[in-house]
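Asker: Next one to model:
(chains A and B)
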Amino acid sequence: MHVELYERIWMWAAGGLLLLFLGAIFLTVGLQAIQPPSHIETVDPTTLATDPEFGKPGVTTRADGSVVVSVVAQTFSFSPDPIEVPANRPVTFRLTSADVIHGFEVVGTNANAMAIPGYVSQFTVTFKEPGEYLIGCNEYCGTLHHNMVGKLIVKKETP
Amino acid sequence: MNSRHSLAAAHIGVAVAAFGVASAMGVLQALSIADVNFPYRSESLYYISVTAHGVLMALVFTTFFIMGLGYALAQESLGRIIGRRLAWIAFVMGLVGSVGAAVTILRGQSSVLYTFYPPMKAHPLFYIGATLLIVASWIWGGVMIASYRSWRREHPGEPVALSIHGMLATIILWYLATAGLAVEVLGMLIPWSLGVVGKIDPELARSFFWWFGHPLVYFWLMPAYVLWYTVLPRVAGGKLFSDPLGRMVFILFVVLSVPVGFHHQFADPGISAHWKLVHTVTTYAVLYPSFVTAFTIIASLEVAGRMKGARGLFNWIGKLPWRDPFFSSVALAMIAFIFGGFGGAINAAYAMNSMVHNTAWIQGHFHVTLGTTVALTFMGATYWLLPRLLGRELRLLSVARIQPYLWFIGVALFSASYHIAGLRGLPRRVYSASLTGEYGASWHGLTRVAALGAVVLFLSALCFVTVVVSTWIGGKKIQPPAFEFAAPLRPATTLGVWDRYGLWTVVAVLLVAVAYGYPLLHLAAHPRYGSPPFQPF
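Answerer: Prediction:
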């Protein structure tokens, strides 16, 4: 196949650019263990009310000091609401839905995951800035989707 | 009407009608998000309009336009359409299906958006109507392949026209992509919506949807590229810079554009991080053929400018026919794609996706890609096709000249605002962006600018539809102009490796099997409970 010199240069450069993009991604994966929320765990969405964890969604502190927040999304609210967590400590969110698919986005942070009925989303975030954050549902879930908001309160660590 | 092209003309007509209705739905949404109060504004109307806009634009307008373009090219480049009667049956089937689905949407019974994620349940006719449209497109693919094979028997060893090569690649890709959709809709959604099956696994259904959902964008883009490679250089007055690279590009799309769907599911549970990373790699790989296209097309335009006597480094740009509505549409579509391509690279960036996932950034993104790169190319191509299909002179030429620029201004306002609002966290698809506190304030101005952009886009769409309707019913009857395709600088004379459709189909199927086989089996191995249907609209 005949390829003009300039075009050959461009093709190598384009390939190099893509490798650069991918290299940046692999670096963050390898060095910082950055990854999207990809937990694999299932739960029966029709019996959430009697589930030992999601029957009483809330914030718990484990013996090692880490914080776990169990959240249930349903049309058109999150529970618990508000969610109170400490600043500068890893907070693990465990999230599921009682009905249709919802989104869970803490505006202004990179906490952003899907709540899918039958599945548990899990991801860990450390909030550095104390304050009040808006939690928005970012997956269409019905007529009042835009009203489905919650509040996250990040409290200053008391020594 | 040019009777050899009545089939193509009928398809383009349906595409333009769907586009017109969908445009009106689009402007309603943008006004609603910006909290502009207009008569009959309501939550239900908003979500009806989101669904109707998505389905009519993404599925009906595009599919009908592409089918029409395919028939026109088969008639011209192969000199035949084998199975014309069957093609008409498919046309009626697709039209009935589209109208059926649209009626359930407009009656408010199927506000499930064009992604129709279960366990949100639409009216069964919504799924059945969509299925009829897809089956119609399968028949179209069969007719196109039969026409090609008939031509091939008469022309052994001869390379087929690049336009047909591109359409064949599009069709192979479409069969691969819609296989995933068929599993979801026929195997899961229809039985569940009719109550035959009680529960459905939403994550499995989503995965099959995105098996289809991303190659869907290449199903739109590849016919646009066919026009860029084979018509644009000719309209510009030049030649195609490289024919063999064009053939390579279309085959690379066939191979790479299906095993990428998890980049729409980065935020999903149920799929391991490793497999999401695999799909990230294939997603970046599928950018490659677009980079090659950028060079070939721009080089072809430079050839055109120099053939018209341009000398310096850049003044060939000024020699191009910027007043030709087909040329300006495609040129502006290409400029939009620079932003669309790099925005796409950000969406696909594994971890960076968390900052933009399901925010207004995404609607900003796909209005520069689908909404401009593809749609504006199709609009420009309609101006080019109509005289050839109908044997009528284009009317209101001055309106047609302004329309592409108007579209570009509209989309610039619209998409820039939503990209920024998305980075500030505005969630997608909200009836009103005026949520509480400081956030509402940081979004509100941007959504107003986007609404202004949407009004400009709507005016442009009105111009387009007016030109088409006016030409169709009142254009001066003329001898249909010839379909003139760009001659390559160096024409291909023998068949090469990129002409081996069977081989590349096998490679593509194997890649899909690897990319989806293990993760889906892994998902299926977990205890899965399933969801009953919900209709919260």
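
Asker: Just the closest residue of chain A to chain B, please.
Answerer: Scanning chain A for the residue nearest chain B gives A:Gly142, at 2.9 Å (criterion: CB to the nearest CB). (Each C-beta comes from the backbone N, C-alpha and C, glycine too.)

Asker: For that residue, which non-adjacent residue is closest in space?
Answerer: In space, and not counting its chain neighbours, A:Gly142 is closest to B:Pro536: 2.9 Å by CB to CB, 6 or more residues apart in numbering or on different chains.

Asker: my read: the one you found touches A:Thr75, true?
Answerer: Yes. Counting by CB atoms under 8 Å, B:Pro536 touches A:Thr75, with 4.8 Å between them.

Asker: Pick out whichever of those two has more residues nearby.
Answerer: A:Thr75 (21 against 17; other CB atoms under 10 Å in any protein chain shown).

Asker: quick one, what contacts the more buried one?
Answerer: Shown in contact with A:Thr75 (CB atoms under 8 Å, 6 or more residues apart in numbering or on different chains): A:Asp99, A:Val100, A:Cys141, A:Gly142, A:Leu144, A:Met148, B:Phe534, B:Pro536.

Asker: got JSON lines for the residues you listed, with pLDDT and secondary structure too?
Answerer: Formatted as JSON lines, the contacts of A:Thr75 follow (pLDDT from 0 to 100; DSSP: H, G, I helix; E, B strand; the rest coil):
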{"residue": "A:Asp99", "pLDDT": "95", "secondary structure": "coil"}
{"residue": "A:Val100", "pLDDT": "97", "secondary structure": "coil"}
{"residue": "A:Cys141", "pLDDT": "96", "secondary structure": "coil"}
{"residue": "A:Gly142", "pLDDT": "95", "secondary structure": "coil"}
{"residue": "A:Leu144", "pLDDT": "94", "secondary structure": "coil"}
{"residue": "A:Met148", "pLDDT": "93", "secondary structure": "coil"}
{"residue": "B:Phe534", "pLDDT": "96", "secondary structure": "strand"}
{"residue": "B:Pro536", "pLDDT": "94", "secondary structure": "coil"}
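
Asker: Just among those, which is most surrounded?
Answerer: That'd be A:Val100 among these, by other CB under 10 Å, with 30 neighbours.

Asker: List the contacts of that residue.
Answerer: By CB under 8 Å, 6+ apart, the neighbours of A:Val100 are A:Thr75, A:Pro117, A:Cys141, A:Gly142, B:Tyr117, B:Pro119, B:Met120, B:Phe534, B:Pro536.

Asker: Between those, which sits nearest B:Gly237?
Answerer: Nearest to B:Gly237 among the contacts of A:Val100, counting by CB to CB, is B:Tyr117 at 47.8 Å.

Asker: Measure how buried that closest one is and give me the count.
Answerer: B:Tyr117 has 19 nearby residues by other CB under 10 Å.

Asker: what's the answer for B:Leu204, then?
Answerer: 21.

Asker: in the sheet, who's paired with the nearest residue to B:Asp243 once chain neighbours are set aside?
Answerer: Leaving aside its chain neighbours, B:Asp243 sits nearest to B:Pro488 (3.7 Å; criterion: CB to CB, 6+ apart). Beta-bridge partners recorded for B:Pro488 (DSSP bridges): B:Leu240.

Asker: quick one on the thing from earlier: any chance of the contacts of A:Thr75 in CSV with distance to A:Glu157 as columns?
Answerer: Listed next are these as CSV, based on distance: CB to CB, whole Å:
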residue, distance to A:Glu157
A:Asp99, 36
A:Val100, 37
A:Cys141, 34
A:Gly142, 38
A:Leu144, 36
A:Met148, 30
B:Phe534, 40
B:Pro536, 39
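
Asker: So which of those residues is the closest to B:Val506?
Answerer: Nearest to B:Val506 among the contacts of A:Thr75, with distances taken as CB to CB, is A:Val100, at 39.2 Å.

Asker: Where does the residue nearest the centre of chain B fall, secondary structure wise?
Answerer: Central residue of chain B (CA atoms, centre = their mean): B:Trp220, 3.1 Å from the mean position. In the assignment (DSSP states H and E), B:Trp220 maps to helix B:202-230.

Asker: going on from that helix, what's the next piece of helix or strand?
Answerer: From helix B:202-230, the next helix or strand downstream (DSSP H and E) is helix B:232-235.

Asker: Any stretches of chain A with poor pLDDT?
Answerer: Across chain A, the ranges flagged by pLDDT under 70 are A:158-159.

Asker: got a list of what whatever residue of chain B ends up closest to chain A touches?
Answerer: Here the residue of chain B nearest chain A is B:Pro536; by CB to the nearest CB that distance is 2.9 Å. Contact partners of B:Pro536, counting by CB under 8 Å, 6+ apart, are A:Thr75, A:Phe76, A:Asp99, A:Val100, A:Cys141, A:Gly142, A:Thr143, A:Leu144, B:Met120.

Asker: how about the helices in the stretch 151-300 of chain B?
Answerer: B:162-182, B:190-193, B:202-230, B:232-235, B:243-256, B:273-285, B:288-307 (DSSP state H, counting those that start in this stretch).

Asker: I'd like the mean pLDDT over the third one, please.
Answerer: Per-residue pLDDT values across helix B:202-230 average out to 96.

Asker: angle of it against helix B:288-307?
Answerer: Orientation of helix B:202-230 against helix B:288-307 (axes from the mean of the first three to the mean of the last three CA atoms, to 10 degrees) gives an angle of 20 degrees.

Asker: Now look at helix B:202-230 and say if it contacts chain A.
Answerer: Yes. Legend: contact between helix B:202-230 and chain A by CB under 8 Å from any CB of the partner chain is shown at B:Pro202, B:Glu203, B:Arg206.

Asker: out of those, which is most surrounded?
Answerer: Of the residues of helix B:202-230 next to chain A, with other CB under 10 Å as the count, B:Pro202 tops at 27 neighbours.

Asker: Isn't B:Leu189 up against B:Tyr117?
Answerer: No. Look at B:Leu189 against B:Tyr117 with CB under 8 Å: they stay out of range, at 10.1 Å.

Asker: can you list residues touching both of these two?
Answerer: B:Ala205.

Asker: list the contacts for B:Lys319?
Answerer: Contacts of B:Lys319 by CB under 8 Å, 6+ apart are B:Ala304, B:Gly305, B:Lys308, B:Gly309, B:Ala310.

Asker: Relative to the whole chain's centre, how far out is the helix or strand harbouring B:Thr104?
Answerer: Under the criterion of DSSP H and E, B:Thr104 resides in helix B:84-106. Between the mean C-alpha location of helix B:84-106 and the chain-wide mean there is a distance of 19 Å, by CA atoms, centre = their mean, to the nearest Å.

Asker: What average pLDDT does that helix get?
Answerer: Across helix B:84-106, pLDDT averages out at 97.

Asker: With stretch B:449-467 instead?
Answerer: For stretch B:449-467, mean pLDDT is 98.

Asker: all strands of chain A, in order?
Answerer: A:59-61, A:67-74, A:77-79, A:83-86, A:90-97, A:102-106, A:112-115, A:121-126, A:131-136, A:149-155 (DSSP state E).

Asker: got it, and chain B?
Answerer: Under DSSP E, chain B gives no strands.

Asker: if we can go back for a sec, among the contacts of B:Lys319, which one has the most neighbours?
Answerer: B:Ala304 (24 neighbours).
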